[in-house]
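**Q** okay, sequence plus prediction incoming.
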Amino acid sequence: MSRHVVAFVACLAVSSAAPWPAACADEQSPAQSSVLVTLTPLKAGSLPRVVIGYGSVEPAAAGRQTVMAPLAAIVGEVYVRLGEEVARGAPLTRLVPSPRTASSYTDAGTALKVAQQLVASTRKLAAEHLATAQQLADAEKSESDARSALTALDALGAAGPHIVRAPFRAVVTALSASPGAIVAEGSPLLELAAPAKLVLRVGVVPAEAAAVAANQQVAVTLVGADRPVPGRVLLRGSATESGTGLVPVEISLPPGELMPGELAEAAITTGEAQGYVVPHEAILVNDSGAPYVVQAIGTTAHKVAVSILVARGDQDVVSGQLKAGAPLVLAGNYQLDEGTKIRLVDPAQRAP
């Protein structure tokens with residue numbers, strides 16, 4: 001039995017003791033047929049459009065270097081540890097020439113001596129007109145080639161133990177060789193990263209990646225931190241990564257703020273959404289899942305369908321056929337239907 005039927009029966013029960021208007025006055029009271037609400041002004045404005053990505057801090061391509069063995073050698077000592085920061089010129093590892101390399105250096109020295117002797121004898125024969133100028137030139141060329149070969153081996157450390165030094169101030173990000181290991185020419189020994197040339201590499205879902213472009217501002221927040229640092233988009237990929245299905249984005253970082261390997265969130269500002277800025281609590285959803293708000297037109301509730309353009313924290317930017325100047329209903333809005341009468345918690349709030 002409905003509330004109105006119950007009230008009607010109650011009125012009949014007391015009609016003999018009191019006139020109808022007096023007995024049913026409360027049922028007909030406006031306070032009984034309206035909803036108590038609070039209002040908030042409707043304000044036009046904007047909020048930034050933000051694309052979120054997650055990733056890790058890595059050395060930029062220009063700040064990354066693999067230190068390789070200059071020749072076949074035996075790793076004598078490793079002076080650094082993984083993650084250690086080293087100064088420019090600091091010793092990294094000590095290489096001892098392998099037996100084959102040492103033999104090659106000895107052979108090169110012998111070849112230079114033979115070439116020098118040949119030049120000396122050819123000059124003497126040329127002076128006696130027993131050798132031609134071409135023969136002397138050939139002997140001198142052989143000496144020059146032998147000297148260059150020996151000099152190159154010497155520069156690579158083939159003459160004896162050789163210490164490999166850091167080419168710049170760097171952080172050791174990988175160690176590929178251990179003491180006693182025999183390494184071939186060109187084998188990686190360790191990886192270096194310049195601390196002043198780090199980037200944040202994040203992944204963005206393809207549907208949002210198209211809005212990301214170079215030079216856009218980024219707020220970078222480390223996992224577990226609450227203070228963001230500024231950055232800028234350096235590069236947005238044009239294809240997804242096979243392992244994640246995300247589009248890679250590289251972001252510049254201020255020097256000295258982050259370390260290689262740290263995980264961070266990137267909030268990339270891609271533009272602004274213009275519309276009405278409303279509190280999130282003003283947004284309701286109908287039975288079909290479509291969002292709407294309730295405006296107060298005088299003392300009457302009016303439902304308005306809206307589209308949510310941006311949602312950030314406790315504020316949303318919406319668009320729709322809203323009446324400018326008419327406030328939105330906050331507390332009590334879920335109780336309202338189209339045309340429901342409203343009462344104000346604060347009488348000073350008046351709807352136009």
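**A** Now that the structure is in, tell me what you want to look at.
**Q** surely Arg343 and Ser34 touch.
**A** Yes. In this structure Arg343 lies within contact range of Ser34 using CB atoms under 8 Å: 4.8 Å. Using the backbone N, CA and C atoms, a C-beta is placed for each residue, glycine as well.
**Q** now do the shared contacts for the two.
**A** Applying CB atoms under 8 Å, 6 or more residues apart in numbering, one finds that Arg343 and Ser34 are jointly contacted by Thr299.
**Q** those two - which one has more neighbours?
**A** Ser34 (17 against 13; other CB atoms under 10 Å).
**Q** what about this protein, any weak spots by pLDDT?
**A** 1-33, 345-352 (pLDDT under 70).
**Q** and the longest helix seen in it, what does it pack onto?
**A** Assignment by DSSP state H gives helix 99-127 as the longest helix of the chain. Judged by 3 or more CB pairs under 8 Å, 6 or more residues apart in numbering; DSSP states H and E, helix 99-127 is in contact with helix 133-156.
**Q** state the distance from Gly245 to Leu235.
**A** 19 Å (CB to CB, to the nearest Å).
**Q** correction: the previous question concerned Glu338.
**A** 51 Å.
**Q** neighbour-wise, which of the two wins?
**A** The residue with more neighbours, out of Glu338 and Leu235, is Leu235; 15 against 10, by other CB under 10 Å.
**Q** so for that one, what's the nearest residue that isn't a sequence neighbour?
**A** Nearest residue to Leu235, sequence neighbours excluded (CB to CB, 6 or more residues apart in numbering): Glu250, at 4.4 Å.
**Q** that neighbour against Arg201, yeah?
**A** Yes. Using CB under 8 Å, Glu250 is in contact with Arg201, at 5.5 Å.
**Q** what strand or helix carries the closest residue to Gln315 other than its chain neighbours?
**A** Using CB to CB, 6+ apart and skipping residues adjacent in sequence, the residue nearest Gln315 is Val277, 5.7 Å away. Per DSSP states H and E, Val277 falls inside strand 263-279.
**Q** quick check: buried residues in that strand?
**A** Across strand 263-279, burial judged by 16 or more other CB atoms under 10 Å covers 264-268, 270, 273, 275-278.
**Q** take those residues and lay them out in JSON lines including distance to Gly256.
**A** Listed next are the buried residues of strand 263-279 as JSON lines, based on distance: CB to CB, whole Å:
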{"residue": "Ala264", "distance to Gly256": "15"}
{"residue": "Glu265", "distance to Gly256": "20"}
{"residue": "Ala266", "distance to Gly256": "19"}
{"residue": "Ala267", "distance to Gly256": "21"}
{"residue": "Ile268", "distance to Gly256": "22"}
{"residue": "Thr270", "distance to Gly256": "28"}
{"residue": "Ala273", "distance to Gly256": "35"}
{"residue": "Gly275", "distance to Gly256": "40"}
{"residue": "Tyr276", "distance to Gly256": "42"}
{"residue": "Val277", "distance to Gly256": "37"}
{"residue": "Val278", "distance to Gly256": "41"}
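**Q** who touches the residue nearest to Gln315 in this structure?
**A** 43-47, 315-317.
**Q** about what we covered before: how big is the angle separating the longest helix of the chain from helix 133-156?
**A** Per axes from the mean of the first three to the mean of the last three CA atoms, to 10 degrees, the angle that helix 99-127 makes with helix 133-156 is 150 degrees.
**Q** who are the contact partners of the residue nearest to Leu112 when sequence neighbours are not counted?
**A** Excluding the flanking residues, the one nearest Leu112 by CB to CB, 6+ apart is Ala146, at 4.1 Å. Counting by CB under 8 Å, 6+ apart, Ala146 touches 108, 111-112, 114-115.
**Q** what's the neighbour count on Ser213?
**A** One thing to correct before we go on: residue 213 is Ala, not Ser. 11.
**Q** against Arg236, how distant is it?
**A** Ala213 is 6 Å from Arg236, by CB to CB.
**Q** phi and psi next, for Tyr334.
**A** phi -70, psi -10 (degrees, to the nearest 10).
**Q** list the contacts of the residue nearest to it when sequence neighbours are not counted.
**A** Closest residue to Tyr334 apart from its sequence neighbours, by CB to CB, 6+ apart: Leu284 at 6.2 Å. By CB under 8 Å, 6+ apart, the residues touching Leu284 are 291-294, 333-334.
**Q** most surrounded residue in these?
**A** Most surrounded of the contacts of Leu284: other CB under 10 Å gives Val294, at 26 neighbours.
**Q** list the contacts for that residue?
**A** Per CB under 8 Å, 6+ apart, neighbours of Val294: 282, 284, 301-304, 328-329, 333, 336.
**Q** same question, Leu47
**A** 272-273, 277, 310, 312, 315-317.
**Q** what's the spacing between the helix or strand Leu235 falls within and its chain's center?
**A** Here Leu235 sits within strand 229-236, counting by DSSP H and E. Counting by CA atoms, centre = their mean, to the nearest Å, strand 229-236 is centred 8 Å from the centre of its parent chain.
**Q** same thing with stretch 129-149?
**A** Using CA atoms, centre = their mean, the offset of stretch 129-149 from its chain centre is 61 Å.
**Q** pull the CA coordinates from that stretch and hand them back as CSV.
**A** Provided in CSV are the C-alpha atoms of stretch 129-149 (Å, rounded to 0.1, in the frame of the first residue of the first chain):
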residue,chain,number,x,y,z
HIS,A,129,123.9,2.8,-57.6
LEU,A,130,123.2,-0.9,-56.8
ALA,A,131,119.6,-0.3,-55.8
THR,A,132,116.9,1.8,-57.5
ALA,A,133,115.0,4.7,-56.0
GLN,A,134,111.9,2.6,-56.2
GLN,A,135,113.4,-0.2,-54.1
LEU,A,136,114.4,2.4,-51.5
ALA,A,137,110.9,3.8,-51.5
ASP,A,138,109.4,0.3,-51.1
ALA,A,139,111.7,-0.4,-48.1
GLU,A,140,110.8,2.9,-46.5
LYS,A,141,107.1,2.1,-47.0
SER,A,142,107.6,-1.3,-45.3
GLU,A,143,109.2,0.3,-42.4
SER,A,144,106.4,2.9,-42.0
ASP,A,145,103.8,0.1,-42.1
ALA,A,146,105.6,-1.9,-39.5
ARG,A,147,106.0,1.1,-37.2
SER,A,148,102.2,1.9,-37.6
ALA,A,149,101.3,-1.6,-36.7
